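Undergrad: Quick check, what structure comes out for this input:
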Amino acid sequence: MRRLRGWMADLAARGKMDAGVAAGLLHLAAINIRSTASLSSSRVAARKRPAAPRGCGGAGPSAASPLLSDAQRHRPRRASLHPAPRRSQRRLTPFFHGLLGAAALFCAFCGEIKTVSRDGYRAVLVFGSSQRYAIAVKGEKRRVEGDIGGSRLVKVLRPDLGKAWQYRPAARKILEEKSAPFDEIVPGYPLAPRFDPAAYAHRFGGAIRQIGDAVHGIHPCDQYEMKLPSGDIVTIAAARDFERLPVRVEHVRKDASGQFKVVSDTQLLDIRAGADEDLFEKPKGYAPVKSFEELGK
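TA: Numbering: from 1, shown residues only. From the prediction side, this is the model:
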């Protein structure tokens, strides 16, 4: 350092170097010497530092630990660029490998998780406060059953076969009719998942818009409002956790006083993904009849 000062002073005296430039170089040289000394002392201290005992969670100093030196107090303290991982962090990989293995075993023994779009669903269809019917849906296939006329009546709609069956298990009688592609087992209610608001509104000549979020039971829903040409309003709630399956359709109309009154309120409750194919098959051992009236005889 003394030799460097003498050399720079000599240059300045000879007029070969501006005095301000010489002072700047001296300052940089001093910083470089102090940094080198600090780095060396930090490395020596790191070699002498005892290793962390087993079970304490430490993994020793990282490769960037010398950057934590406090020798340059006029500069902010720098953190390690690559901190050494803690013991708990090193054990995350086998932990997650265990979870993946458990998930694979669950799928192998229990099968895939059922979805309403692929596996269909079963639910309770509710009209108002008292009318309840068991319903099953899978693709285009539909089935509804409930107590009608003093005994249980089952109706199955099979557009793929062009047939519809109605039968009473107690009487062992069945009525078979033709089914058109657009026949509905619950008129006006969209029973399929992945609700298409534009197609639904086009069907009734209405104007539809999404008005926000809603909750039906435990299901978070997208809520839509459709205005019909008559002035009636239909509100639809589509459950996001069941692939936007409509779980409630409410129809209101203005009365003579100008107040909206509920015309119908149809809901799906107790929804369970999965519907067996047997639910949509024609039952065996039933006596055929030619009219609905004969089913009750």
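Undergrad: Need the pLDDT of residue 258.
TA: pLDDT, residue 258: 89.
Undergrad: What about it, how many residues nearby?
TA: Neighbourhood size, residue 258 [other C-beta atoms under 10 Å]: 6. C-betas here are computed from N, CA, C, even on glycine.
Undergrad: And it, how far from residue 143?
TA: Using C-beta to C-beta, to the nearest Å, residue 258 is found at 41 Å from residue 143.
Undergrad: which helices and strands does the helix or strand encompassing residue 147 pack with?
TA: Assigned by DSSP states H and E, residue 147 belongs to strand 141-148. In terms of contacts (3 or more C-beta pairs under 8 Å, 6 or more residues apart in numbering; DSSP states H and E), strand 141-148 is packed against strand 131-138, strand 151-158.
Undergrad: Throw those into CSV and include mean neighbour count and distance to residue 251, thanks.
TA: Output for the helices and strands packed on strand 141-148, formatted as CSV (neighbours: other C-beta atoms under 10 Å; distance: least, C-beta to C-beta, whole Å):
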stretch, mean neighbour count, distance to residue 251
strand 131-138, 19, 15
strand 151-158, 18, 22
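Undergrad: so which of the ones you listed comes closest to residue 237?
TA: Residue 237 sits nearest to strand 131-138 of all the helices and strands packed on strand 141-148, at 16.9 Å, using C-beta to C-beta.
Undergrad: Can you pull the poorly scored residue ranges out of this protein?
TA: Across the chain, the ranges flagged by pLDDT under 70 are 1-111, 297.
Undergrad: ok, back up a step: between the helices and strands packed on strand 141-148, which gets nearest to residue 279?
TA: strand 131-138 (4.8 Å).
Undergrad: Adjacent strands (with direction) for that closest one?
TA: Using DSSP bridges, strand 131-138 pairs in its sheet with strand 121-127 (antiparallel), strand 141-148 (antiparallel).
Undergrad: For these, give me a markdown table that also has distance to residue 207 and mean neighbour count.
TA: As requested, these are arranged in a markdown table below (distance: least, C-beta to C-beta, whole Å; neighbours: other C-beta atoms under 10 Å):
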| stretch | distance to residue 207 | mean neighbour count |
| --- | --- | --- |
| strand 121-127 | 26 | 19 |
| strand 141-148 | 28 | 18 |
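Undergrad: Which one of the helices and strands packed on strand 141-148 lies nearest to residue 270?
TA: For the helices and strands packed on strand 141-148, the distance to residue 270 is smallest for strand 131-138, at 9.4 Å, taking C-beta to C-beta.
Undergrad: That closest one to strand 151-158, inter-axis angle?
TA: Interaxial angle of strand 131-138 relative to strand 151-158 (axes from the mean of the first three to the mean of the last three C-alpha atoms, to 10 degrees): 30 degrees.
Undergrad: which residues touch strand 131-138?
TA: With C-beta atoms under 8 Å, 6 or more residues apart in numbering as the contact definition, strand 131-138 has outside contacts at 116, 119-127, 142-146, 185-186, 191-192, 268, 275, 277, 279-280.
Undergrad: for stretch 208-221, same thing?
TA: With contacts defined as C-beta under 8 Å, 6+ apart, stretch 208-221 is touched by 197-198, 200-201, 222-227, 235, 237-242, 247-248, 267, 269, 271.
Undergrad: now do stretch 192-202
TA: Counting by C-beta under 8 Å, 6+ apart, 116-117, 137, 190, 207-208, 210, 222, 224, 226, 236, 238, 242-246 sit against stretch 192-202.
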